[in-house]
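J.: Okay, sequence plus prediction incoming.
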Amino acid sequence: MWQIDQVTLRLFIAVCEEGTIARAAEREFIAPSAVSRRLADLEALVEVALLLRSQRGVRATAAGEALLRHARLIMRGHERLQAELSEYAAGARGHVRVLANVSSMVEFLPEALSVFLKANPRIRVDVEERVSAEIVRGLEEGVADLGICRDVVPMGSLDVLPYRSDHLALIVPRDHALAGETEIGFEQTLAFEHLGLSSNASVNALMQRIALEKGGELNYRTYVSTFDAAYRFIQAGLAVAILPREAVSRHAADEYGLAVIPLRDAWAQRRFVICMRDRHALTLTATHLLDHLLSTRTA
């Protein structure tokens, strides 16, 4: 059985990421000759070429790419083990890493985590915002325990559990021509310039495709990166926006003078899922958080 030590794996990752042995050696504070020797010994051990060498540098072969994926998982797992043991040594009960999309962080995740952390003050939860596709990739690479994202992206081999839903609505100033509508069809919004959320690429692409299918065109005047910025642009009358109605609180609607008009289209109801590499391989702390989140899920 192969026995590849962590130093060799770390050097292999560095070479693949840096593209040259010299830069990898500089990054890892080791002589280039020592890096070359480690790589040669590694290829001899596995009996297959892992790197293609040229005057421009090096790049991984197909076998090297496979090793790189596993090496990253092993090194991240080791780092997570060290971090979790350090948490226990410091008196904490555990540490959970969560990747979440922006909608979940605006609509419900802070409240759900607040309840959990108040009941479990010695558990640490780190949350990082990413778009849904990057959440899936991050979980596959082992950088987090749990992910909260949309169900519209391919999930690969991840374990996936249904979680919550939200509903898209047209957001306009209260003096807008459509402000008095109780609900609206998407095609009626195409006569107006739209505002897009840059972090909402999947729904932007979906709406553009639907607009074309209906024989219209969705015109984006500009994009913003936060909901607060969107509210200010809408308040100023620069554009209308289609956003989750759950993200527009009564306070925000009153503060910015916004009308929230639900879309009647079936696709306007969207679903969140919780995903993970392997539910049965979660730490006890991550399982505890997962159970709490599932206990708060809605239809």
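T.: That came through, no problem.

J.: What ranges does the stretch 151-299 of the chain have for its strands?
T.: Counting by DSSP state E, counting those that start in this stretch, one finds strands in the stretch 151-299 of the chain at the ranges 159-173, 194-197, 220-224, 240-244, 258-262, 269-276.

J.: of all these, which lies closest to Ile123?
T.: strand 269-276 (16.9 Å; CB to CB). C-beta: built from backbone N, CA, C; applies to glycine.

J.: Just list whatever residues bridge to the closest residue to Asn204 other than its chain neighbours.
T.: In space, and not counting its chain neighbours, Asn204 is closest to Gly196: 5.1 Å by CB to CB, 6 or more residues apart in numbering. Beta-bridge pairing of Gly196 under DSSP bridges involves Tyr223.

J.: List the buried residues for stretch 23-35?
T.: For stretch 23-35, the neighbour count (16 or more other CB atoms under 10 Å) marks Ala24, Ala25, Glu28, Ile30, Val35 as buried.

J.: tell me how far the ends of that stretch are from each other?
T.: End-to-end span of stretch 23-35 (CA to CA, to the nearest Å): 11 Å.

J.: roughly how far is it from the heart of the chain?
T.: Computed by CA atoms, centre = their mean, to the nearest Å, the separation of stretch 23-35 from the middle of its chain amounts to 33 Å.

J.: go on, stretch 196-214?
T.: 19 Å.

J.: Just the residues contacting stretch 177-187, thanks.
T.: Under the contact criterion CB atoms under 8 Å, 6 or more residues apart in numbering, stretch 177-187 has outside partners 170, 172-173, 188-189, 192, 207, 210-211, 214, 216, 240, 242, 259, 261-265, 268.

J.: I'd like the average pLDDT over stretch 275-287.
T.: What stretch 275-287 shows for mean pLDDT is 89.

J.: For it, measure first residue to last.
T.: For stretch 275-287, by CA to CA, the gap between its terminal residues amounts to 12 Å.

J.: list the buried ones in stretch 138-146?
T.: Gly138, Leu139, Glu140, Gly142, Val143, Ala144, Asp145, Leu146.

J.: I'd like the average pLDDT over stretch 174-191.
T.: Mean predicted confidence for stretch 174-191 is 94.

J.: could I have that stretch exported to CSV, CA atoms only?
T.: Extracted in CSV, the C-alpha atoms of stretch 174-191 (Å, rounded to 0.1, in the frame of the first residue of the first chain):
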residue,chain,number,x,y,z
ARG,A,174,-45.0,53.1,-4.4
ASP,A,175,-45.7,55.7,-7.0
HIS,A,176,-44.9,53.3,-9.9
ALA,A,177,-47.6,52.5,-12.5
LEU,A,178,-47.7,48.9,-11.4
ALA,A,179,-47.6,49.6,-7.6
GLY,A,180,-51.4,49.0,-7.2
GLU,A,181,-51.3,45.4,-8.6
THR,A,182,-52.0,42.5,-6.2
GLU,A,183,-50.0,40.1,-8.4
ILE,A,184,-48.4,40.3,-11.8
GLY,A,185,-47.2,38.1,-14.6
PHE,A,186,-43.5,38.3,-15.5
GLU,A,187,-44.2,39.3,-19.1
GLN,A,188,-45.9,42.5,-17.8
THR,A,189,-42.6,43.6,-16.3
LEU,A,190,-40.7,43.5,-19.6
ALA,A,191,-41.8,46.9,-20.6
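
J.: I'd say the residue nearest to Asn204 and Leu218 touch.
T.: No. The pair Gly196 / Leu218 is not scored as a contact, 9.1 Å apart, by CB atoms under 8 Å.

J.: Mind splitting the chain into its structural domains?
T.: According to automatic domain parsing, the chain comprises the domains 6-72, 84-164+271-295, 166-270.

J.: Could I get the ones you listed in CSV, plus columns for distance to His78?
T.: As requested, these are exported to CSV (distance: least, CB to CB, whole Å):
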stretch, distance to His78
domain 6-72, 7
domain 84-164+271-295, 11
domain 166-270, 32
